[in-house]
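J.: I'll drop the sequence and a predicted model, then ask my questions.
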Amino acid sequence: MTYQEAESFLLGREMFGWKLGLERMERFLAGLGAPQEQFDTVHVAGTNGKGSVTAMMGSVLKESGHRCGIYTSPHLESLRERIRVDGLCIAEEAVVGLVERWRPLIEELQCTFFETMTGLALRHFADAGVQSAVIEVGLGGRLDATNVLHPLVSIITSISYDHMDHLGDTIAAIAAEKAGIIKPAVPCVIGSLPAEAEEVIRARAAELDSPLYAADALVEVRHLRLTESGSEFSAQTEGARYEGLSLPLPGPHQVANSCIAICASELLGRQGVIPFPPPLKRALAGVDWPGRFEIFLKEPRVITDVAHNPGGFQRQKWMWRHFYPDWQKVLVLGLVKEKDLKGVIGELPRDVAQIYVVPAPTHRALPVAEFTGALAEAGLPVVPCGSVQEGVRAAITWARGGTRRVVCITGSHYVVGESLRGIKDLTK
C-alpha cells in the first residue's frame, strides 16, 4: 500500500459523516489494545482556542523532557499534521502501517473518519512510546470520539456559538456538551466564559468533585506588549513568577490562551508529572501553531487566519483595529455549510476594500453564490471566485497595486490550507 492509497482510505471514511456517541469508539479502542491507557493525557475542549492551547501544552510537556504526542484537527496542508510526536508529523510509512494493520477492524465497525483518526492517533502514540499526549476535542465534548480518556487535567478554553446543529442553540446547551469532558476528581481549567456557561460548568464540576480552576482569576498578566507578530509579557501566579515570556501567536486572546496553559501546566507540576515551576519561557517561545493571524508574507503583506465562527471573526476584527488601523484590506474568504453565517457576517470589518469569496475545497463547502448573496445583502463589496487559488491571485495582484495594503486569507481550515500552496507558487 502506498501513502496515497492509505490517505484515500482514511479520507473515504468521511462518507460516514459525524456520528456522535462513544459505543463504537470504545469497541474500536478495545480492538486496538486500549492504547489510551498506556500514557498520560491532557484533554482540551472549547469553541475557540483549543487548538492553540493544545499546541502550548504539547510544547510545555516537550520542554519538560517528555516524549509527547499531540492530536489536533482539522489540518491545513496534510492529514499527517493531526498526529505529531515531539513536534514532528507522523511519517507516511507509519500511516501506511496503521492502515494496513487496522483496516479490517475499521471497516468491520464502520468507523467514521474522525473516529478512525482518533483511534489510530492513540495507537501511534502508544507505539511511539510517548509519556504523555495532549488531545484536542473534535466537536463538543460529551459525545466526541476523544471522550474516552481519563486525563490528568481537562481544559475548556471558551464557549460561544458554533456547531449549533449538533450542540444546541443556547450557550447553556453548548456548555453542557463541553462539560461532558469533565471527569470525577480530575481537575478542570477554564478560560473566560459567559456567565451562563460558567454556571453550567461549575455545576457539573461540583457534581463530579472535579476541582475547577479559572485561569483568568489565577494568572495575572503584567508588562504586556502586543505586536502584530506576537506578545511579550510576564505572569504571576500564587506559586510562581514567570518573567520575560514571549509568545509567537499574536493577539490578547492568545495571551489569554497562554494563561490557561500556565494554569494547567502548574497543575501538572504539582502532580509531579513535570517540574514545578514549569519551563514556560522556553515552551511558549517555541509554540508552533500556523495560520493564526500569521504574517505569511511581509511584501506584499499576506496574513493567514483560521476563523470559522463569530467568535473567531470578532477576535480578527480586534486585530485589524489595533495593528492595521490605516491599512487597506481585502479578505479571501470561504466557509463550510454548517456555520453561523449571519453571526460571521456581523463580525466582518465594514471598511474592507473587497471580499473575494471562494469555495472551501470540501464537500461541506458553503456555495459561493449563497455566501456572495448574503454578503452583498449586508452591503459588503464582494467578488465571487471559482477557486481558492483564483481568489488568492486576485488579492495579491490588488495588494501589489499600492502601499499599506494587506490581504487576509481566512475562514475555514480548508481555505487557509489550500491557499498556502498558491501563495508559494505566486511568490517564487
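T.: Great, that's in hand. Residues are numbered from 1 along each chain as shown.

J.: Point to the residue nearest the middle of the chain.
T.: Ranked by distance to the mean C-alpha position of the chain (CA atoms, centre = their mean), the top residue is Gly51 at 2.8 Å.

J.: Quick check: closest non-adjacent residue to it.
T.: Nearest in space to Gly51, with sequence neighbours left out and distances taken as CB to CB, 6 or more residues apart in numbering, is Thr72 at 5.4 Å. Yep, even glycine has a C-beta here, placed from its N, CA and C like the rest.

J.: And the residue nearest to the centre of the chain, which helix or strand is it part of?
T.: Secondary structure from DSSP states H and E places Gly51 in helix 50-63.

J.: Next, the buried residues of that helix.
T.: 50-63 (16 or more other CB atoms under 10 Å).

J.: tell me the domain boundaries of the chain?
T.: What automatic domain parsing lists as the domains of the chain is 3-285, 294-426.

J.: Dump the ones you listed into JSON lines; add mean pLDDT as well.
T.: Below are the domains of the chain laid out as JSON lines (pLDDT from 0 to 100):
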{"stretch": "domain 3-285", "mean pLDDT": "95"}
{"stretch": "domain 294-426", "mean pLDDT": "94"}
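
J.: wait, isn't Ser387 in contact with Pro359?
T.: Yes. Taking contacts as CB atoms under 8 Å, Ser387 lies within contact range of Pro359: 6.8 Å.

J.: which one of those two has more residues nearby?
T.: A direct count of neighbours by other CB atoms under 10 Å for Ser387 and Pro359 places Pro359 higher, at 24 against 15.

J.: For the more buried one, which three-state class applies?
T.: Recorded secondary structure, Pro359: coil (DSSP: H, G, I helix; E, B strand; the rest coil).

J.: How much space separates it from Lys339?
T.: Counting by CB to CB, to the nearest Å, the separation of Pro359 from Lys339 is 14 Å.

J.: and if you look at Ala376?
T.: Ala376 is 18 Å from Lys339, by CB to CB.

J.: More neighbours: which of these two?
T.: The neighbour comparison of Ala376 against Lys339 (other CB under 10 Å) goes to Lys339, with 22 against 14.

J.: can you pull the contacts of the residue nearest to the centre of the chain?
T.: Going by CB atoms under 8 Å, 6 or more residues apart in numbering, Gly51 touches 72, 136, 289.

J.: What of Val186?
T.: Counting by CB under 8 Å, 6+ apart, Val186 makes contact with 150-154, 210.

J.: go with 10 Å
T.: Taking CB atoms under 10 Å, 6 or more residues apart in numbering, we find Val186 in contact with 43, 149-154, 205, 208-211.

J.: Packing partners of the helix or strand encompassing Ala203?
T.: Using DSSP H and E, Ala203 maps to helix 195-207. Packed against helix 195-207, as judged by 3 or more CB pairs under 10 Å, 6 or more residues apart in numbering; DSSP states H and E, are the following elements: strand 153-156, helix 171-178, strand 188-190, strand 212-214.

J.: ok, 6 Å please
T.: helix 171-178 (3 or more CB pairs under 6 Å, 6 or more residues apart in numbering; DSSP states H and E).

J.: how far off helix 195-207 does the helix it packs on point, in degrees?
T.: 40 degrees (axes from the mean of the first three to the mean of the last three CA atoms, to 10 degrees).
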